[in-house]
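A.B. asks: attaching a predicted model along with its sequence, questions to come.
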Amino acid sequence: MITFEEQLMELINKVEITPAKYQDIQNLYSDLHNCLRNIFPDCKIEPYGSAITGLAFEDSDVDCFISVESTQMKHLSTKHNNDLHSHLVNDTKNILRKHKRIFKRVTNCDVSFKNRTEIYNSQLIYFLIASDPRLKPLFQFIKYWNKNLSIGSVSSYALVLLIIFYLQQTCPRILIPIKELQRDKKFDLYVDDWNCGFDNLSALPKTQNTSSVFTLLRGFYHFYEDYDFADNVICPFAGKSFRMDDFNKLDNLLPDYQRYVNRVYDGSTKHFLRRGVNVQDVFEHSRNVNITVGNMYLFKGHCQLAYNKINNAIDNNEYDNIVNALLNQELGLAVMARVKTRLNVKSSQS
C-alpha cells in the first residue's frame, strides 16, 4: 500500500520549482537590475512571493519590488523625462520576453515600485513554515490543491493566511499569533506607518502537537467547511477571529489593535473594509485580503468534499489513490445548487 506521505512527496517532487528554474529566476533579477541601474544607480531588486516563501511551483509567477529613492522616481515622472521612461519600459519588456523564452512554462513577472509590505509578508511566511518540518509539505499540497480546482479557488496569499490561521487554532496550537513575534521593540520596522518587523532570531515555541501532515490536512478541510466567514474576520495577527461588529466598535479590538485604532481615530488610515469574506493582512491591519463571496461558498464546498473523501479513505483503509482523488475532485450539482441558493440569499439581503 502506498502511503499518503509517499504520494505527497511524489507529487511535490514533480511540481515544485527545480534548481535550474530557480537559477533562471535569479538571472532574470540580475538582468532587470542591470537595466534599471542605468537610470536608478542605487536601485535594489527585492524578491517576494513564492520564490521567497519556498512555495514556488515550476509555473509560479515571479514577483519583485524595485527599491528606488523617492527623489529619483519624481525625477523620472517629470514631463522632461518621458522619453527616458519609455526607454525604461521597453528595455524591461525586452528582458521579460527574453526570459519568458527560457522558462519551460509561461511565467508572469510582476514588477512593483509600491507596497513594500509584500517583502516582509513573504519573509514572515518563510519563517513560520521553516519552524516545523510538517508545514512546508502541508502548505505545498493545499496550495497545489487550490490551484487545481476548476472553480472556487482563492488567491495564493489569502490561502496562505487561511492555513496560518488554522494552525493557530489547532489543539495544541502549532503557530503562535503574529503579535507575539512583535513583543520585542528592537525588531520594529515601519513601512507606511505599519509595523512589518518581527523577531526572526528566536525559535518559535516548540509545539506539543504531534499530528501527521495527513491529520493536519484533514483538520484544515474540516475547519473551513464549517467556518462562519460571513460574520467573522480572520486575524492571524491576533491569532483569533473577531466579529465583524468589533471593527465597527473599535474599543472591542483593544489591546491587540492599538495602533490600528489610533490610526483610524487620527484619520491616517481607513476602516477595515467589510467584504463578503474577511481576511485581515498580518501587518497592514486596515487591509482586507479579499475573497469573493461566490468563491468562499465554492471553497467551503470543496473543503467539505475533500474532508469526506479523506474520511472515506480512513473508514475503508484505502489510501492508494487519495492524493489524486483530492486533486481531481469536482463539486456535484447538489453542492453547486446550494452555493447558488446562498448567493441569491446573500444578494437579496444586501
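C.D. replies: Structure received.

A.B. asks: which parts of the host helix or strand of Val264 are buried?
C.D. replies: Using DSSP states H and E, Val264 sits in helix 258-266. For helix 258-266, a neighbour-count test (16 or more other C-beta atoms under 10 Å) marks 260-261, 263-264 as buried. (Glycine included, C-beta is placed from N, CA and C.)

A.B. asks: against Ser241, how distant is Pro255?
C.D. replies: Distance from Pro255 to Ser241, counting by C-beta to C-beta, to the nearest Å: 17 Å.

A.B. asks: ok, for Val127, nearest residue in space, not its chain neighbours?
C.D. replies: For the record, residue 127 is Phe, not Val. Asn200 (5.2 Å; C-beta to C-beta, 6 or more residues apart in numbering).

A.B. asks: just the pLDDT for the one you found.
C.D. replies: pLDDT for Asn200: 94.

A.B. asks: then Lys44?
C.D. replies: pLDDT, Lys44: 91.

A.B. asks: same question for Ser67.
C.D. replies: pLDDT for Ser67: 87.

A.B. asks: same question for the one 5 residues further on.
C.D. replies: At Gln72, the predicted lDDT confidence score is 56.

A.B. asks: now Ile178
C.D. replies: Ile178 carries a pLDDT value of 98.

A.B. asks: residue contacts, it?
C.D. replies: Ile178 makes contact with 124, 198, 236-239, 282, according to C-beta atoms under 8 Å, 6 or more residues apart in numbering.

A.B. asks: most surrounded residue in those?
C.D. replies: Counting neighbours by other C-beta atoms under 10 Å, Val282 comes out on top of these with 27 neighbours.

A.B. asks: and it, what element?
C.D. replies: For Val282, there is no host helix or strand (DSSP H and E).

A.B. asks: what's the mean pLDDT across the longest helix seen in the chain?
C.D. replies: Secondary structure of the chain per DSSP state H: the longest helix is helix 293-316. Across helix 293-316, the average pLDDT comes to 89.

A.B. asks: distance of the closest residue to Asp110 other than its chain neighbours relative to Cys109?
C.D. replies: Of all residues not flanking Asp110 in the chain, Asp63 sits nearest, at 4.8 Å (C-beta to C-beta, 6+ apart). Going from Asp63 to Cys109 by C-beta to C-beta gives 8 Å.

A.B. asks: and Glu180, how close does it get to Tyr307?
C.D. replies: Glu180 is 30 Å from Tyr307, by C-beta to C-beta.

A.B. asks: higher neighbour count, these two?
C.D. replies: Tyr307 (20 against 15).

A.B. asks: quick one, what contacts the closest residue to the more buried one other than its chain neighbours?
C.D. replies: Spatial nearest neighbour of Tyr307, excluding adjacent residues (C-beta to C-beta, 6+ apart): Tyr221 at 3.9 Å. If a contact means C-beta under 8 Å, 6+ apart, then Tyr221 has 303-304, 306-307, 310 as its contacts.

A.B. asks: got TSV for those, with distance to Ile151 too?
C.D. replies: Output for the contacts of Tyr221, formatted as TSV (distance: C-beta to C-beta, whole Å):
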residue	distance to Ile151
Cys303	14
Gln304	14
Ala306	14
Tyr307	18
Ile310	21
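
A.B. asks: just the residues contacting the helix holding Val264, thanks.
C.D. replies: Helix 258-266 has contacts (C-beta under 8 Å, 6+ apart) with 193-195, 250-251, 253-254, 269-272, 285-286.
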